[in-house]
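1. Here is a sequence with its predicted model. Questions after.
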Amino acid sequence: MKTIHQACYEILRAQGVTTFFGNPGSNELPFLRDFPGDFRYILGLHEGAVVGLADGFAQATGRPTLVNLHSAAGTGNAMGALANAWNSHTPLVVTAGQQVRAMVGVEALLANVDAATLPRPLVKWSCEPSCAQEVPLALSRAIHTAGTGAKGPVYLSVPYDDWKEAAAPGVEHLADRRVDVAGLASGSVIESLACQLHGAANPAMVVGPDVDASEANGFAVALAEKLAMPVWMAPSAPRCSFPTTHPCFRGLMPAGIASISRLLEGHDLVLVVGAPVFRYHQYEPGQFLPKGTRLLSITCDLNEATRAPMGDAIVADIRATLKALADAVPQTTRAPCAAVRRPDSAPEEAGPLAPARVFDIIDDVAPRDAIYVNESTSTTDVMWQRLRMTEQGSYYFAAAGGLGFALPAAVGIQLAKPRRRVISVIGDGSANYGIQALWTAAQYNIPTIFIIMKNGTYGALRWFAGVLEAENVPGLDVPGLDFCALARGYGVGAANVASSDALTAALRRALASDKPMLIEVETRPT
Ligand code: TZD
Ligand code: CA
């Protein structure tokens, strides 16, 4: 007799889903029993950190990744992290243990009441199978739903008595199923797009996270060069989809309606690829587009396509469509783009380091293929101006702006990419939301570098208070934190630095080591 447990592990193995991220409770133990030797379980000490770890891993591999949470309480702790995963199209298969079927109705301790509703609207699909024999099909469906089309998190709640039940006949058909979307835009759509782009007098391109996620940065470059067009990173960028050193690159777009409109002034056609139109942040009312500008977007996500307030959208596979477009568009006779000048090196000054100085040092010392994970909220613009990022998969940021992403995600990304070094740059406010992932880095020997920008305050909120004219707001400072002590407490080596030389030396030491390290940098507020 094949059990539901055996059938599900066969599905997971055949689908390549063999790394679990979790935090267990009694409801989950029957699922985790007799854990197979060819699977690995990465323990996180808080569910926010667990989903952050898995989010980083899944984004860096592009593959469905299994998360196992404890019932309602564990799911609840993970909701902020799920908001980020939802917005970054991260293929997470989030499973949660449920009380035994006989005791869900009486709402016994640890029952997940109305389980499938709990994670909505932050999942593509959510399910608690109606009987044990449906669990393998639901798991198979969860994996394919998470990893296909516009990817994204899904949720599956399984009562713990299901695992030992007999699987239904025919369950073996599920293990190696494939579900693919043939998403290339048709020849006539490509031709029409190419024609419009070639016919534009002054086109521009805005690239978003799904260009990087679909490994299409090279095709974005090819298209930009053929049309000699300036390229911006879409606002509030969670990834870097274009080499920041390329002459066409113009930097990170601002996140206000009026600012974006001002920036696009003079462009008759704007092509947006792999991004929502747009992920605005601060409210700056104005025209969505300047007069005379048309907008076309190519997205993998119907939701993104339909909620845009302007422009035409095509839902298609980003990589295949960008490649076909780059092939179809003839080379323009316009002069090639001239690179924007890089900012001068930030000067050495006494006292805490200016953020610009910190990023100059990181850019100077880090390997060219370093992977950056950013959650230093008030220095994001400075970071985009000063770090050179040229490879696919070089930058990650919380896609919903939910803090607690960077620290665990940096660990998950490093686990997925052992041949590159992950350098996370995290504010002294943000670092507290996912701090438990330090323990995971230490215990599993994952050599992430954590740079904590210690300016003593919620800098971004101080800036926002100015924008919103909100004076005398309480709760904006975070003095009295010792991240070196916290790091050591979780088993990670640490150094406090207060000068350029000390930062350079500490970063060199961290890069030479095969262990995680935290560097707490005294910085001045921006
Ligand atoms: N809680 C969560 C989960 N996400 C959030 N985005 C916030 C609160 C609000 N928030 C921001 O949006 S930025 C910020 C907070 C608290 C300040 C972060 O401070 P920091 O970085 O020290 O990490 P800066 O550079 O000093 O702003
Ligand atoms: Ca801060």
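-> It's in. Numbering: from 1, shown residues only. Ligands and ions are numbered 1, 2, ... in the order given.
2. got the residues of the chain near ligand 2?
-> The interface of the chain toward ligand 2, taken as CB under 5 Å from the ion, is made up of 427, 428, 429, 455, 459. The way it works is simple: take the backbone N, C-alpha and C, and place the C-beta from them, glycine included.
3. can you list the domain ranges for the protein.
-> 4-174, 187-328, 355-522 (automatic domain parsing).
4. what's the closest of those to residue 335?
-> With CB to CB as the criterion, residue 335 lies closest to domain 187-328 of the domains of the chain, at 6.5 Å.
5. Is any residue of that closest one near ligand 1?
-> No - against ligand 1, domain 187-328 shows no contacts by CB under 6 Å from any ligand atom, the least distance being 9.2 Å.
6. Find the closest residue to ligand 1 in the chain.
-> Nearest residue of the chain to ligand 1, counting by CB to the nearest ligand atom: residue 427, 2.0 Å away.
7. Distance to residue 342 for the domains of the chain - can I get that in TSV?
-> TSV is the format used below for the domains of the chain (distance: least, CB to CB, whole Å):
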stretch	distance to residue 342
domain 4-174	28
domain 187-328	8
domain 355-522	8
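8. could the ones you listed be laid out in CSV, adding distance to residue 348, mean neighbour count and mean pLDDT?
-> Converted to CSV, the domains of the chain look like this (distance: least, CB to CB, whole Å; neighbours: other CB atoms under 10 Å; pLDDT from 0 to 100):
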stretch, distance to residue 348, mean neighbour count, mean pLDDT
domain 4-174, 34, 21, 98
domain 187-328, 24, 20, 97
domain 355-522, 6, 20, 97
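9. Ok, which of these comes nearest residue 336?
-> domain 187-328 (5.2 Å).
10. picking up where we left off before, so of the residues of the chain next to ligand 2, which ones are in helices?
-> Counted as lying in helices by DSSP state H, out of the residues of the chain next to ligand 2, are residue 459.
11. any idea which of the residues of the chain next to ligand 2 is closest to residue 29?
-> Nearest to residue 29 among these, with distances taken as CB to CB, is residue 429, at 36.1 Å.
12. Go ahead and confirm that closest one touches residue 458.
-> Yes - in this structure residue 429 lies within contact range of residue 458 using CB atoms under 8 Å: 4.7 Å.
13. what's the overlap in contacts for these two?
-> Applying CB atoms under 8 Å, 6 or more residues apart in numbering, one finds that residue 429 and residue 458 are jointly contacted by 377, 478.
14. give me the beta-bridge partners of the one residue in the stretch 401-526 of the chain that gets nearest to ligand 2?
-> Here the residue of the stretch 401-526 of the chain nearest ligand 2 is residue 427; by CB to the ion that distance is 4.0 Å. Judged by DSSP bridges, the bridge partners of residue 427 are residue 453.
15. from what I can see it touches residue 383, true?
-> No - Residue 427 lies out of contact with residue 383 (CB under 8 Å); the separation is 11.6 Å.
16. can you list residues touching both of those two?
-> Each of residue 376 lies in contact with both residue 427 and residue 383 under the rule CB under 8 Å, 6+ apart.
17. Which strands or helices does the longest helix seen in the chain pack on?
-> As assigned by DSSP H, the longest helix anywhere in the chain is helix 71-87. For helix 71-87, the elements it packs on are helix 47-61, strand 65-69, strand 92-98, judged by 3 or more CB pairs under 8 Å, 6 or more residues apart in numbering; DSSP states H and E.
18. Distance to residue 39 added to those, as JSON lines?
-> Shown next, in JSON lines, are those (distance: least, CB to CB, whole Å):
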{"stretch": "helix 47-61", "distance to residue 39": "14"}
{"stretch": "strand 65-69", "distance to residue 39": "9"}
{"stretch": "strand 92-98", "distance to residue 39": "14"}
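19. so which of these comes closest to residue 443?
-> Closest to residue 443 of those is helix 47-61 (CB to CB; 12.0 Å).
20. and the angle from that closest one to strand 65-69?
-> Using axes from the mean of the first three to the mean of the last three CA atoms, to 10 degrees, the inter-axis angle of helix 47-61 relative to strand 65-69 is 170 degrees.
21. what's helix 47-61 packed up against?
-> Counting contacts by 3+ CB pairs under 8 Å, 6+ apart, helix 47-61 is packed against strand 19-22, strand 65-69, helix 71-87, strand 92-98, helix 406-416, helix 437-443.
22. Could you rerun that using 6 Å?
-> For helix 47-61, the packing partners by 3 or more CB pairs under 6 Å, 6 or more residues apart in numbering; DSSP states H and E come out as strand 19-22, strand 65-69, helix 71-87, helix 406-416.
23. Now render these as CSV, adding distance to residue 513.
-> Below are the helices and strands packed on helix 47-61 laid out as CSV (distance: least, CB to CB, whole Å):
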stretch, distance to residue 513
strand 19-22, 24
strand 65-69, 27
helix 71-87, 28
helix 406-416, 13
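24. Helices of the stretch 251-400 of the chain, start to end?
-> 257-263, 302-307, 318-328, 355-365, 380-386 (DSSP state H, counting those that start in this stretch).
25. what's next to the fourth one, contact-wise?
-> For helix 355-365, the external contacting residues (CB atoms under 6 Å, 6 or more residues apart in numbering) are 345-346, 379, 382-383, 386-388, 503-504, 507, 521, 523, 526.
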